[in-house]
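# I need the structure of the sequence given here:
(2 chains)
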Amino acid sequence: MQVAPLSDNEAERLAALHALLILDTPPEERFDKIVQFAAAEFDVPVAVITLLDAERQWFKSSVGTSVCETGRDVSLCSHAILQPDVMLVPDTLLDPRFVDNPLVTGDMNLRFYAGAPLSMPSGLRLGTLCLIDHRPRTLDDMELSILATLRDLVVMELGGAGVDAHA
Amino acid sequence: MRSGTHILLVEPETLLRRTVSMTARSLGISQVHEAASTDMALRMVRQRRFQGAVIAVECLGSGGGRRYDLSLIDLLRADEGPDEQAMPIAILADQATPELLAELRERRISRVILKPFRAKVLLETIAGFGGGKAN
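The predicted structure is shown next:
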């Protein structure tokens, strides 16, 4: 299993995440609605908004899993925040980074992953909006764009400019 | 559809509406103008011309007196000249009853989309209005 390296701006990234005062807060409808929409739109069993803390990834909102956090060492989202665009893993068993990851080999049975990094206006990537399936699959260009749009809506909510404020 | 075309999207669900309009913009499909209700759409139609529309039809009344509000479609069709090609209009509906389909046929509706509504289906519909491809 490959553990994702830390980004050069990790200290700054963590400071920005902690400044949001969102870690370990209760579920909120504004985020839950986006995650539920994503799960239905892409017909995936699991969709999550993750925020990457120093040692863990914490789930602000999720559909299809009762887990609320995992270690950061096993987190696919830790890899996803290293790039600006959506990270697409059509089949984790064919990807040497993840083939022996406990989230892949264990109860989560993670075979497909698509993670859109939550890039704040500062450029810091605090987490992801991610889709998970238990079977290999992929997303076409239009679906990637829809996922990026939903990610943008999560970022707007994190920044305080909610969806309804623009309705 | 080209990015310079203007499409009217009438849909009460904010998240679906916003997802379609933002994604259409990012893909350069069309400029999608959002309306949360028929009343809001009626005001928008009086202010600008559209090259296509996706409209969630509202159901008025209850029981035996239940009927769909098609006034917006009627207004859009009334604005078209006799020699003008009909603007492509797709309808979002909970169900397709024979009565509704008959009314929609009279109004030259090009497509009916039934629940559950997916953003991708709406975007493909908008992209197909001009016979073009989304990407």
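# what ranges does chain A have for its strands?
A:46-52, A:56-63, A:69-71, A:87-89, A:112-119, A:125-133 (DSSP state E).
# what's the most buried one of these?
Most buried of the strands of chain A, by mean neighbour count (mean count of other Cβ atoms under 10 Å in any protein chain shown): strand A:125-133, with a mean of 27. For the C-beta atoms, the positions are set from N, CA and C on the backbone; glycine is no exception.
# re earlier: what would the strands of chain A look like in a markdown table with distance to chain B and mean pLDDT?
Listed next are the strands of chain A as a markdown table, based on distance: least, Cβ to the nearest Cβ, whole Å; pLDDT from 0 to 100:
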| stretch | distance to chain B | mean pLDDT |
| --- | --- | --- |
| strand A:46-52 | 13 | 98 |
| strand A:56-63 | 13 | 98 |
| strand A:69-71 | 26 | 95 |
| strand A:87-89 | 16 | 98 |
| strand A:112-119 | 13 | 97 |
| strand A:125-133 | 12 | 97 |
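# reformat those as a markdown table; add distance to A:M142.
Formatted as a markdown table, these follow (distance: least, Cβ to Cβ, whole Å):
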| stretch | distance to A:M142 |
| --- | --- |
| strand A:46-52 | 18 |
| strand A:56-63 | 22 |
| strand A:69-71 | 30 |
| strand A:87-89 | 14 |
| strand A:112-119 | 13 |
| strand A:125-133 | 15 |
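# name the single longest helix found in the chain.
Let's take chain A. Looking across chain A with DSSP state H, the single longest helix is helix A:141-158.
# oops, chain B please
The helix that spans the most residues within chain B, counting by DSSP H, is helix B:14-27.
# which SSE is immediately downstream of that helix?
Per DSSP states H and E, the first helix or strand lying C-terminal to helix B:14-27 is strand B:31-35.
# what does that following strand rub up against?
Applying Cβ atoms under 8 Å, 6 or more residues apart in numbering or on different chains, the external contacts of strand B:31-35 come out as A:167, B:3-11, B:17-18, B:20-21, B:24-25, B:41, B:44, B:48, B:50, B:126.
# and stretch A:141-148, by the same measure?
A:38, A:41-42, A:85-86, A:88, A:114, A:116, A:129, A:131, A:139, B:19, B:23, B:26-27, B:119-120, B:123-124, B:134-135.
# what subset of these is buried?
The neighbour count (16 or more other Cβ atoms under 10 Å in any protein chain shown) marks A:38, A:41-42, A:86, A:88, A:114, A:116, A:129, A:131, A:139, B:19, B:23, B:27, B:119-120, B:123, B:134 as buried among those.
# for chain B, see how far away A:T25 is.
For A:T25, the distance to chain B equals 21 Å [Cβ to the nearest Cβ, to the nearest Å].
# from the centroid of chain B, which residue is nearest?
B:V54 (1.5 Å; Cα atoms, centre = their mean).
# tell me what the helix or strand where it lies is packed against?
Taking DSSP H and E as the definition, B:V54 sits inside strand B:52-56. Strand B:52-56 sits against strand B:6-10, helix B:71-78, strand B:89-93, helix B:119-129, with contacts defined as 3 or more Cβ pairs under 8 Å, 6 or more residues apart in numbering or on different chains; DSSP states H and E.
# among these, which is nearest A:V155?
helix B:119-129 (17.7 Å; Cβ to Cβ).
# ok, is the closest one in contact with chain A or not?
Yes - for helix B:119-129, a contact with chain A is found by Cβ under 8 Å from any Cβ of the partner chain, at B:119-120, B:123-124.
# dump those residues into a markdown table; add pLDDT as well.
As requested, the residues of helix B:119-129 next to chain A are exported to a markdown table (pLDDT from 0 to 100):
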| residue | pLDDT |
| --- | --- |
| B:A119 | 98 |
| B:K120 | 98 |
| B:L123 | 97 |
| B:E124 | 97 |
